Every structure is written in structure tokens, then in C-alpha cells.
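Colleague: This is a predicted model, with the sequence first.
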Amino acid sequence: MGPKLLFMVISIGLILCKEGMLVLGDIGTATSYDPPYLPTKCDGNRQDQLPPGNLLVSVSEGLWDNGAACGRRYRLRCLSGNNKPCRSGIVDVRVVDFCSKRPCPSTIVMSNEAFSVISRYPNAKINVEYIQV
């Protein structure tokens with residue numbers, strides 16, 4: 001490979017890395033929900049199940065795993081949505097509930113507190129990357 005071709009391949013690679021997002025986890029959607037956050041399907045009315053700052057989520061059927069999801073922790077970041085809702089941060093959350101709506105409006109339904117870390121708009125439906133931590 002000649003130096004010009006090598007330079008072109010490296011340049012294109014750098015542009016793609018800069019412009020594209022590297023996604024390492026699963027992709028899904030997220031919405032938010034209002035308190036009260038108790039009772040839950042995981043631990044009923046136990047207040048101690050709620051993580052500090054109410055950084056909690058309810059999950060849809062695909063993640064619920066017949067209740068085995070209770071207590072799992074996920075790291076989420078916003079990828080996209082209408083009107084550019086994403087904040088640049090990430091948030092770590094704990095599963096405390098099964099999505100109570102049928103059909104569930106998203107893969108993950110986040111507490112208002114958790115959702116506000118990654119989205120500018122509280123009523124948005126956003127595309128997220130999530131990974132179990």
C-alpha cells in the first residue's frame with residue numbers, strides 16, 4: 001500500500017471515529033416516570049430498595065427476566081431523540097420494578113431524577129445505550 005493510500009485510509013478512519021459514536025452496550029429506548037416509586041414488584045414497600053438520589057428504573061419484559069432483574073445495575077447514556085434531547089452524561093441506575101404499563105412505553109422507564117441526568121426534556125422518548133455493570 002502506497003503512502004498516499006495509507007494516508008487516505010487513516011484519515012477516513014479518524015473522521016469516522018470523530019463523527020461516529022462507539023457503542024459498546026445494548027440499544028433501547030427510555031422514558032421517565034413520576035413518583036411515587038413505591039410499591040415495586042421487586043421489594044414491595046421497602047424504602048431501603050431505592051438507591052441514593054432515586055437513580056432507579058423499571059424495565060420491560062425483555063430485561064425483566066422473570067424478576068431476576070431486581071437489583072441489577074445498568075449504565076445508560078442518551079444516544080438520540082427528537083429535538084436533540086441528550087445531555088453528555090451517563091447515569092448508573094438500579095432496577096427496582098417491572099414496567100406497569102401494557103405495552104411498556106420503552107425498554108427502560110427511568111425515575112425523573114435518573115432521566116434528567118441524560119435528557120434535557122422530561123417527557124421525551126430517547127434512544128439509549130445501556131450495559132449491565
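Modeller: Looks like it came in fine. Residues are numbered from 1 along each chain as shown.
Colleague: Return the distance of the residue positioned nearest the centre of the chain relative to residue 127.
Modeller: Nearest to the mean C-alpha position of the chain, counting by Cα atoms, centre = their mean, stands residue 76 at 3.5 Å. Distance, residue 76 to residue 127, using Cβ to Cβ, to the nearest Å: 11 Å. From N, CA and C alone the C-beta is placed, and that goes for glycine too.
Colleague: Likewise for residue 94?
Modeller: Going from residue 94 to residue 127 by Cβ to Cβ gives 21 Å.
Colleague: ditto for residue 106
Modeller: 10 Å.
Colleague: got any residues that touch both of those two?
Modeller: 28, 29, 30 (Cβ atoms under 8 Å, 6 or more residues apart in numbering).
Colleague: what about the helices in this protein?
Modeller: Ranges of helices within the chain are 3-19, 61-64, 112-118, based on DSSP state H.
Colleague: tell me the average confidence for the second one?
Modeller: So that's helix 61-64. The average pLDDT for helix 61-64 rounds to 96.
Colleague: hang on, the earlier thing: list residues touching both of residue 76 and residue 127?
Modeller: Residues touching both residue 76 and residue 127 comprise residue 30, with contact defined as Cβ under 8 Å, 6+ apart.
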